[in-house]
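**Q** Sequence and computational prediction follow.
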Amino acid sequence: MSESKEQQPEPVFVQPKPYKVQLESGKEYYWCTCGQSKNQPFCDGTHRGGPFKPKKITVDETKDYFLCGCKYTHNADGFCDGTHRKEEGIRKYNEFLLKANNKLKEENEALKTKAQLAANKQSMLYVALAAAGMIVVGLAVKHTRP
């Protein structure tokens, strides 16, 4: 009998480099752990209802810090540890690019289908207008003959 391990949810890979941000001494910041925030690298509450919780950060010195951008850091406080340059981070980046590429392919196919449908409608309209024009000409000829 094999043990089934419950898979931990994975954050969304955001970017393959850290965020350089100036943090003020004593001020509370909340680093996004889910990767879905539109206010990266900080939390905007998008995670609500999910398994992720933002990481509270306070620093002792006001200066520039590098917060993780790939969301796979092993640093407990959310600071970049270079994971994005290691095999684990590169693998996640490749998965991110593949998903983005597949999404673009799907969108491209949908647009092609939409364009083809529009072209088909346009062709049908031209045929209908041509047929209507022939009918009008035919009626005009019929009514002008003595």
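**A** Arrived safely.
**Q** Tell me which residues touch the residue lying closest to Gly26 once chain neighbours are set aside, please.
**A** Spatially, and ignoring its direct neighbours in sequence, Gly26 is nearest to Thr58 (6.5 Å; CB to CB, 6 or more residues apart in numbering). For the C-beta atoms, the positions are set from N, CA and C on the backbone; glycine is no exception. Contacts for Thr58 were tallied using CB atoms under 8 Å, 6 or more residues apart in numbering; they are Gly26, Lys27, Glu28, Tyr29.
**Q** Make a markdown table out of those residues and add distance to Glu10.
**A** Rendered in a markdown table, the data for those read as follows (distance: CB to CB, whole Å):
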| residue | distance to Glu10 |
| --- | --- |
| Gly26 | 33 |
| Lys27 | 29 |
| Glu28 | 26 |
| Tyr29 | 23 |
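**Q** quick one: which of the residues you listed has the most company?
**A** Most neighbours among the contacts of Thr58, by other CB atoms under 10 Å: Tyr29, with 19 neighbours.
**Q** I'd assumed Phe42 was in contact with that residue.
**A** Yes. If you go by CB atoms under 8 Å, Tyr29 and Phe42 touch, sitting 6.2 Å apart.
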